[in-house]
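Peer 1: Fold the following and give me the result.
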Amino acid sequence: MRIFVLPKDFKGSTHHRVTGKDAHYLSRVLRLKEGDSFTGRDVKGSLWNLTLESISKSNCTLTCEPAETEPLALTDALPAFKGPFPEIHLYQAICKGKKMDQIIRQATELGVKRIIPVSSAYCVADFSGKEQEKTTRYQTIVKEALQQSGSPVVTEIASPLSIGQVAQDWAARGTALVFHQVETGKQESLSSILHDSQDSPVALLVGAEGGFSNQEVSLLIEQGFHPVLLKTNILRAETAAIAAVAIVLHLVIDNV
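Peer 2: Below you'll find the model as predicted:
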């Protein structure tokens, strides 16, 4: 563990009790002892110096102090890069099986701000009736990825959308990209699209197995999305998503 993600009910108190899986993780998985110090991050992204004050069968009590600059104690090294991180929103068409788990885990490690599952024409997987179950699972994956990577960006999992709802959800708050599998007449280079995007959020819309239909791409272009073709080999959906995020991060950070 590089960092402990504090529960959502933590409100900045000097003492906080953790229960359930969090208590089990600290005392049984990490085998921390009373008096051990480690670093935490709250849901707003702020760092805290934590000390394990007491352990019982069902809970652990933490002493919490804000980390004004650098944390006093680390279980493992935090990333050297301190930001600023581009604010990336990944609209990911729903993939089959554990592919979606993999995308969410790796996108969190890369520092994506928000991940929004999207249903599109070529999606095989279906969230119908399982939204709460899936969201809970994805939030668990995000928390594990944050603790392992030490990312300063606290990734959020949003409620699923249909592809027709994406533009309204994005609300033209910054540059919007749709990654697809064929060239269009409006093709632009990714570097030129992102040249002035370092101070505004960026939306990435990535397809599931089979990508997007021509009708979907045309509609998204009409709604202000820039079409992007990754000039590489044919990529699996889970590879395309992470490649897209990594390339956009690199280009935007280099422009800062």
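Peer 1: Does R173 touch P201 like I think?
Peer 2: Yes: if you go by Cβ atoms under 8 Å, R173 and P201 touch, sitting 5.3 Å apart. Heads up, the C-betas are built off the backbone N, CA and C, glycines and all.
Peer 1: of those two, who's got more company?
Peer 2: Legend: neighbour count by other Cβ atoms under 10 Å for R173 and P201, higher for P201 (16 against 13).
Peer 1: looking at it, that one is touching F85, isn't it?
Peer 2: No: counting by Cβ under 8 Å, P201 stays clear of F85, with 11.2 Å between them.
Peer 1: just checking, next helix/strand downstream of the lowest-mean-pLDDT helix or strand in the chain?
Peer 2: Using mean pLDDT, DSSP states H and E, helix 190-193 stands out as the lowest-scoring helix or strand of the chain, at a mean of 87. Using DSSP states H and E, the next helix or strand after helix 190-193 towards the C-terminus is strand 202-206.
Peer 1: So A176: helix, strand or coil?
Peer 2: Following DSSP: H, G, I helix; E, B strand; the rest coil, we place A176 in the strand state.
Peer 1: distance of it from Q168?
Peer 2: 12 Å (Cβ to Cβ, to the nearest Å).
Peer 1: quick one on the thing from earlier: and for P201 and F85, which residues touch both?
Peer 2: Residues touching both P201 and F85 by Cβ atoms under 8 Å, 6 or more residues apart in numbering: K113.
Peer 1: picking up where we left off before, of A176 and Q168, who's got more company?
Peer 2: Neighbour count, other Cβ under 10 Å: between A176 and Q168, A176 has more, with 22 against 10.
Peer 1: Next up, the contacts around the more buried one.
Peer 2: By Cβ under 8 Å, 6+ apart, A176 lies in contact with A167, W170, V202, A203, L205, G224, F225, H226.
Peer 1: How much space separates it from I157?
Peer 2: According to Cβ to Cβ, A176 stands 20 Å off from I157.
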